[in-house]
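Trainee: test case, fold it:
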Amino acid sequence: MENSQAAYSIAVRGATLSGLARRVVERQLVTRERSREIHDASQKHHHSFLREALTQSEIDRGRLLCCASEESGMPLMDLAAFDLTQRPLDLVDTRFLETHGVLPLFQRGSKVFLAVSDPADITGLDAFIFQTGFGVEAILVDVDLLNKVIHDIVSGISSELADLNQDNSLDSITEEDSKIPGAKDAEVDTPVVRFVNKIFMDAIRQKASDIHIEPYEEKLRIRYRLDGVLHEIATPPLSLSARITARIKILSRLDIAERRMPQDGRMKLRLSKDHQIDFRVSTLPTQFGEKVVIRVLDSSGSDLGLEALGLEPEQFSLYEAAIRKPYGMILVTGPTGSGKTISLYSALSTLNSPVVNISSVEDPIEINLPGINQVNINERAGLTFATALRSFLRQDPDIIMVGEIRDLETADISVKASQTGHLVLSTLHTNDAPATVVRLLNMGVEPFNVASSVHLIMAQRLIRRLCKTCRKPAKYPEEVLLSAGFSPSGDHKKLELFGPNGCDECTGGYKGRTGIFQVMPVSEAVTSLIIRNAGQDQIEQQAAAEGVMTLRQAGLVKVRSGITSLDEVLRVTST
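Mentor: A predicted model of the protein is given here:
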């Protein structure tokens, strides 16, 4: 009778153990009594059995985590073996990681795989879903490793920096730091040096065009411009701001003691014998410190063939015919970052040969073009666009490229050069081709000079390409399609349009960029309008009558072809 009562008592006690507490007993990690003690302690401390058990030195951590994985159904991963350089950087900021104790590891379409340390604590998962809108798949990892990785990320010295290739010119400059005036006052901080190198190398790897380092009242934000759109990639502690800025100033030969005035500099990174990256650095004093913007110029990755621009066949023929003329002016127009320089460089690269003399004046020189005489303006020394142009005309030129027409003096010299047997290529900042004519007239150029010198005007924008791997069909209401510019005849109903999805090979469903163009030859009818000092509306009407596509119409061609999405075209051509 006593034996049966004892057995009954053990069964009752055993029935109170469930979940992980029962499984560790079944796997013989601990005794039933010890499991009961851990369970009671976890209840007292108001946290999970796993968290309490991990504090017990006599329990094998690896086997305990395996039990937790089996019990919860979560896959178990060794975080130390994971390549942290591949983790998505722009889903949540470091404050979120620190607050919720979760870490995005990788992304598959609309699902993010999230490292967690406790299957019983789902607050971090819920917060991540709420903030990002992504679905999640939880992966169990050791809490100590997870906390260390998050701490390193928050501190701005993540262990992934140890994997950087140290044999590059950025590190070689370190040896010369002491020779730079004021460098002895800058803290030599190896983690900061590595972190700055990491910023540069990641920007190159992700094909970023610009790096923004921005101090605010409570945080430091680092963003990359990828395919024309800024993405936040890190928020290191604000305390690192001055040290990061000082390091960049040292590399770009700027005065690190000067924090009250803007500065401009350059640096180079040679990745291999034939692959060099240029960085153009600009600092600006702001309310909470110096903001740094770095333009990444990778000339080796630039395809300077006319075919790569993205012109439609008829536009390509017009542009190629214009640059083949022995004289006259070709103008490329659009806002900053619309690809004007690449369009001009492509033309110069096409025309470059030993039998012609080509000179360019730029601010600044973005890509080195062998065989072309490139001049960088220096206004402090008196070398402006106008003074360089005057010198060019005494250098027996055939083709002249002017980086930008900014004033009447530069415009007049360019016009006269085009009228005296030279081909002149230049840029202006206007919204479209007809507006460029009006801009020249407003500058003070005489109408007959504009009409007789300008042969072709090309307005352009850059749009993001849909990722070919993950793009998906997209549906739009008919009123949206009609307002965007599709024909009311109904041909759009037969089209299959596509939109972004998102995968490991792209950024938000887009990968790379292409151009959309408005190519307007200055025909006899347009010439007549210019001489009569006609308005922009009249020039636009005449261009449309001659079959010149607007930027929006050129964008819709790309939409019909599945190259980009309607949303992207509307975003770029909304003005």
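Trainee: which residues touch the residue sitting nearest the centre point of the chain?
Mentor: With distances taken as C-alpha atoms, centre = their mean, the chain has Leu226 as the residue nearest its mean C-alpha position (1.7 Å). Leu226 makes contact with 206-209, 507, according to C-beta atoms under 8 Å, 6 or more residues apart in numbering. All C-beta atoms are positioned from the backbone trio N, CA, C, and that covers glycine.
Trainee: sketch out the low-pLDDT regions of the stretch 51-200 of the chain for me.
Mentor: 90, 155-190 (pLDDT under 70).
Trainee: show me where it has its strands.
Mentor: For the stretch 51-200 of the chain, the strands defined by DSSP state E, counting those that start in this stretch occupy 103-108, 111-116, 135-140.
Trainee: right, and those strands - which one's nearest Glu320?
Mentor: Between Glu320 and those, the shortest gap by C-beta to C-beta is with strand 103-108, which sits at 41.9 Å.
Trainee: returning to that earlier point: I'd like the contacts of Leu226 as a markdown table, with pLDDT, secondary structure and neighbour count appended.
Mentor: Below are the contacts of Leu226 laid out as a markdown table (pLDDT from 0 to 100; DSSP: H, G, I helix; E, B strand; the rest coil; neighbours: other C-beta atoms under 10 Å):
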| residue | pLDDT | secondary structure | neighbour count |
| --- | --- | --- | --- |
| Gln206 | 86 | coil | 15 |
| Lys207 | 86 | coil | 16 |
| Ala208 | 91 | coil | 24 |
| Ser209 | 90 | coil | 17 |
| Thr507 | 85 | strand | 21 |
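Trainee: now distance to Glu33 too, for those, in CSV please.
Mentor: CSV is the format used below for those (distance: C-beta to C-beta, whole Å):
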residue, distance to Glu33
Gln206, 55
Lys207, 60
Ala208, 59
Ser209, 64
Thr507, 55
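Trainee: just flag the most distant two among these.
Mentor: For these, the maximum inter-member distance is 12.5 Å, found between Ser209 and Thr507 (C-beta to C-beta).
Trainee: for stretch 382-393, buried residues please.
Mentor: Neighbour-count burial for stretch 382-393 flags 384-389, 392 (criterion: 16 or more other C-beta atoms under 10 Å).
Trainee: who wins for proximity to Ile530 among the strands of the stretch 51-200 of the chain?
Mentor: strand 103-108 (53.1 Å).
Trainee: separation between the closest residue to Ala68 other than its chain neighbours and Ser72?
Mentor: With sequence-adjacent residues excluded and distances taken as C-beta to C-beta, 6 or more residues apart in numbering, Ala68 is closest to Leu50, at 5.1 Å. Distance, Leu50 to Ser72, using C-beta to C-beta, to the nearest Å: 9 Å.
Trainee: have a look at the two and say which one is more surrounded.
Mentor: Leu50 (26 against 18; other C-beta atoms under 10 Å).
Trainee: contacts only, for Ala451.
Mentor: Contacts of Ala451 by C-beta under 8 Å, 6+ apart are 522, 527, 530-531.
Trainee: who wins for neighbours among these?
Mentor: Val522 (25 neighbours).
Trainee: that residue reaches Val454, doesn't it?
Mentor: Yes - look at Val522 against Val454 with C-beta atoms under 8 Å: they come within range, at 5.2 Å.
Trainee: closest to Pro434 out of the strands of the stretch 51-200 of the chain?
Mentor: strand 103-108 (44.0 Å).
Trainee: who's in contact with that closest one?
Mentor: By C-beta under 8 Å, 6+ apart, strand 103-108 touches 77, 82, 86-88, 91-92, 97, 112-115, 128, 134, 139, 146, 149-150, 502-504.
Trainee: Cys467: which of the buried residues of stretch 382-393 is nearest?
Mentor: Phe385 (40.0 Å).
Trainee: what's Arg406 in contact with, if anything?
Mentor: With contact set as C-beta under 8 Å, 6+ apart, Arg406 has these partners: Phe385.
Trainee: next one: phi and psi at it?
Mentor: With angles defined as degrees, to the nearest 10, Arg406 sits at phi -110, psi -20.
Trainee: which residues sit against the helix or strand Leu230 falls within?
Mentor: Element membership for Leu230, per DSSP states H and E: strand 229-234. With contact meaning C-beta under 8 Å, 6+ apart, strand 229-234 is reached by 89-90, 93-94, 156, 199, 202, 212, 221-225, 464, 507-508.
Trainee: any buried residues in the helix ranked longest in the chain, and which?
Mentor: Longest helix in the chain, counting residues (DSSP state H): helix 190-205. For helix 190-205, the neighbour count (16+ other C-beta under 10 Å) marks 192-204 as buried.
Trainee: dump the residues you listed to JSON lines, plus distance to Pro326.
Mentor: What follows is the buried residues of helix 190-205, written out as JSON lines (distance: C-beta to C-beta, whole Å):
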{"residue": "Val192", "distance to Pro326": "55"}
{"residue": "Val193", "distance to Pro326": "53"}
{"residue": "Arg194", "distance to Pro326": "54"}
{"residue": "Phe195", "distance to Pro326": "53"}
{"residue": "Val196", "distance to Pro326": "49"}
{"residue": "Asn197", "distance to Pro326": "49"}
{"residue": "Lys198", "distance to Pro326": "50"}
{"residue": "Ile199", "distance to Pro326": "47"}
{"residue": "Phe200", "distance to Pro326": "43"}
{"residue": "Met201", "distance to Pro326": "46"}
{"residue": "Asp202", "distance to Pro326": "46"}
{"residue": "Ala203", "distance to Pro326": "42"}
{"residue": "Ile204", "distance to Pro326": "40"}
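Trainee: so which of the residues you listed is the closest to Ala41?
Mentor: Scanning these for proximity to Ala41, where the rule is C-beta to C-beta, the winner is Phe195, at 40.8 Å.
Trainee: so that closest one sits against Ser241, correct?
Mentor: No - in this structure, Phe195 is not within contact of Ser241 by C-beta under 8 Å, at 11.8 Å.
Trainee: sorry, back to before: export the helix or strand just after the strand holding Leu230 to PDB, keeping only CA atoms.
Mentor: Per DSSP H and E, the first helix or strand lying C-terminal to strand 229-234 is helix 241-251. Extracted in PDB, the C-alpha atoms of helix 241-251 (Å, rounded to 0.1, in the frame of the first residue of the first chain):
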ATOM      1  CA  SER A 241      30.800  60.500 -35.100                       C
ATOM      2  CA  ALA A 242      33.900  62.700 -34.600                       C
ATOM      3  CA  ARG A 243      36.300  59.800 -34.800                       C
ATOM      4  CA  ILE A 244      34.700  58.500 -38.100                       C
ATOM      5  CA  THR A 245      34.700  62.000 -39.600                       C
ATOM      6  CA  ALA A 246      38.300  62.500 -38.600                       C
ATOM      7  CA  ARG A 247      39.300  59.200 -40.200                       C
ATOM      8  CA  ILE A 248      37.600  60.200 -43.500                       C
ATOM      9  CA  LYS A 249      39.300  63.600 -43.400                       C
ATOM     10  CA  ILE A 250      42.700  62.000 -42.900                       C
ATOM     11  CA  LEU A 251      42.100  59.700 -45.900                       C
END
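Trainee: give the rounded mean pLDDT of helix 241-251.
Mentor: Averaged across helix 241-251, pLDDT comes to 90.
Trainee: following element in sequence after that helix, please.
Mentor: strand 263-272.
Trainee: against which helices or strands is that following strand packed?
Mentor: helix 169-172, helix 190-205, helix 241-251, strand 275-286 (3 or more C-beta pairs under 8 Å, 6 or more residues apart in numbering; DSSP states H and E).
Trainee: chain center to the very next helix or strand once past the second one: distance?
Mentor: Using DSSP H and E, the helix or strand that directly follows helix 190-205 along the chain is strand 210-215. With C-alpha atoms, centre = their mean, to the nearest Å as the basis, the distance from the averaged C-alpha position of strand 210-215 to the chain average is 11 Å.
Trainee: stretch 504-511 too?
Mentor: 11 Å.
Trainee: residues of that stretch that come out buried?
Mentor: 506-507, 509-511.
Trainee: element containing the residue nearest to Ala68, please.
Mentor: Short version, using DSSP H and E: Leu50 is in helix 49-53.
Trainee: and Asn533, how many neighbours?
Mentor: Look at Asn533: counted by other C-beta under 10 Å, it has 11 neighbours.
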